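> Here's my sequence, what's the structure:
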Amino acid sequence: MSQKTTQVGAPVRPFTVLLSPTRRGARLARLLAAAQLREWGVPEDVVERAEHVVAELAANAAVHGRVPGRDFRLRLALTTAAGHGGVLRAEVADARHDRFPGNHPDGPPPGGESGRGLLLVEALADRWGVTPGPLPRKTVWAEFGLAAPPAGAR
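Here you go, the predicted model:
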């Protein structure tokens, strides 16, 4: 795939989509996020990191945040200032306000088949967290800093 060479020089409006809380919906979230970030001209290294994080957050929404009949929301927002870099924020909101991501300070349980995804999010994102509400939702978000383009770049 070719990478766009144009640099983002102004705030970009957010991208938002509702998806079914299924494996297919989680996969589509990852694919749509990567396509949108490339469309915006986000550097490929950030696209790859964000793609993995969105995949994990969307999978968590489908598995742990699922409520029958309610979709999850993927939102991407790119905030930039000409010559100053910016911030990419990826959010996944699900319908389970009562189930927050687990905190495993010592890592996942021994022999467990889950519990490693948020370690991946922690490693790939610059910052991440959870915002409760509005009821019945919660939003898990991750942010990625974007370096300023080289002087003279367009």
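> This protein: helices as residue ranges?
With DSSP state H, the ranges of helices along the chain come out as 23-40, 44-63, 117-124.
> so where is this structure shaky, pLDDT-wise?
When the per-residue scores of the chain are filtered using pLDDT under 70, the ranges that remain are 1-12, 81-83, 97-115, 149-154.
> Can you tell me the closest non-neighbouring residue to residue 43?
Of all residues beyond its chain neighbours, the one nearest residue 43 is residue 146 (7.0 Å), with distances taken as Cβ to Cβ, 6 or more residues apart in numbering. Placement of C-beta: from N, CA and C, glycine included.
> OK, contacts around that neighbour?
Contacts here follow Cβ atoms under 8 Å, 6 or more residues apart in numbering; on that basis residue 146 touches 8, 42-43, 46, 78, 80, 85-88.
> Could you list which of the residues you listed belong to strands?
Among those, the subset assigned to strands under DSSP state E consists of 78, 80, 86-88.
> Could you identify which of the residues you listed has the most neighbours?
For the ones in strands among the contacts of residue 146, the largest number of neighbours (other Cβ atoms under 10 Å) sits with residue 88, at 27 neighbours.
> Which residues lie in contact with residue 26 in this structure?
Contacts were defined as Cβ under 8 Å, 6+ apart; by that measure residue 26 touches 19, 55, 58-59, 61-62.
> Go through those residues and name the one nearest residue 122.
Using Cβ to Cβ, residue 55 is the member of those that sits closest to residue 122, with 14.8 Å.
> neighbours around the closest residue to that closest one other than its chain neighbours, how many?
When the adjacent residues along the chain are set aside, residue 55 lies closest to residue 30, with 4.1 Å between them (Cβ to Cβ, 6+ apart). Here the count is done by other Cβ under 10 Å, and residue 30 has 20 residues near it.
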